[in-house]
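Q: 3D model of this:
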Amino acid sequence: ASEMPVGGAAAADRKAGGMFQLCMHPKLFLFTAIMGFMWCTVGAVYYGLTFLAGELPGDRYVNAMLLALVEYPGTLLGNVVIDIRSLGRKYSITMLYAAFA
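A: Numbers count the residues shown, from 1 in each chain. Take a look at the predicted model:
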């Protein structure tokens, strides 16, 4: 009779994943690098636009409110598109990046 590992059969069959495994396969590494670059770029642009709201012509508070209101359609569209099962998460995120870049 063979002994079961401490975590049970499920723990023995499951492989531990991590960032290192993303670098092992060239295609995964490329996809991870592109997504990381896009994530940093979108974050920097959003951060810059938020601080730019005070410098735009017109009332500073109205500009800040308009920038906040612009987020709602994008958030709603993103939540709707990501739930479409036929697209999947990867294609829906890629489509949203391409549409709003």
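Q: find the centremost residue of the chain, please.
A: residue 39 (6.5 Å; CA atoms, centre = their mean).
Q: okay, helices next: where are they in this protein?
A: 8-13, 19-22, 26-52, 60-82, 88-100 (DSSP state H).
Q: can you list those in JSON lines and add mean pLDDT?
A: Output for these, formatted as JSON lines (pLDDT from 0 to 100):
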{"stretch": "helix 8-13", "mean pLDDT": "52"}
{"stretch": "helix 19-22", "mean pLDDT": "76"}
{"stretch": "helix 26-52", "mean pLDDT": "86"}
{"stretch": "helix 60-82", "mean pLDDT": "84"}
{"stretch": "helix 88-100", "mean pLDDT": "79"}
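Q: what's the spacing between residue 66 and residue 89?
A: Using CB to CB, to the nearest Å, residue 66 is found at 30 Å from residue 89. Glycine gets a C-beta too; all of them are placed from N, C-alpha and C.
Q: quick check: phi and psi at residue 57.
A: phi -70, psi 150 (degrees, to the nearest 10).
Q: neighbours around residue 20, how many?
A: 8 (other CB atoms under 10 Å).
Q: now swap in the one 4 residues further on and tell me
A: Residue 24 is flanked by 8 other residues according to other CB under 10 Å.
Q: who are the contact partners of the nearest residue to residue 32 once chain neighbours are set aside?
A: In space, residue 32 comes closest to residue 22 once its chain neighbours are excluded; the distance is 4.7 Å by CB to CB, 6 or more residues apart in numbering. Contact partners of residue 22, counting by CB atoms under 8 Å, 6 or more residues apart in numbering, are 28-29, 32.
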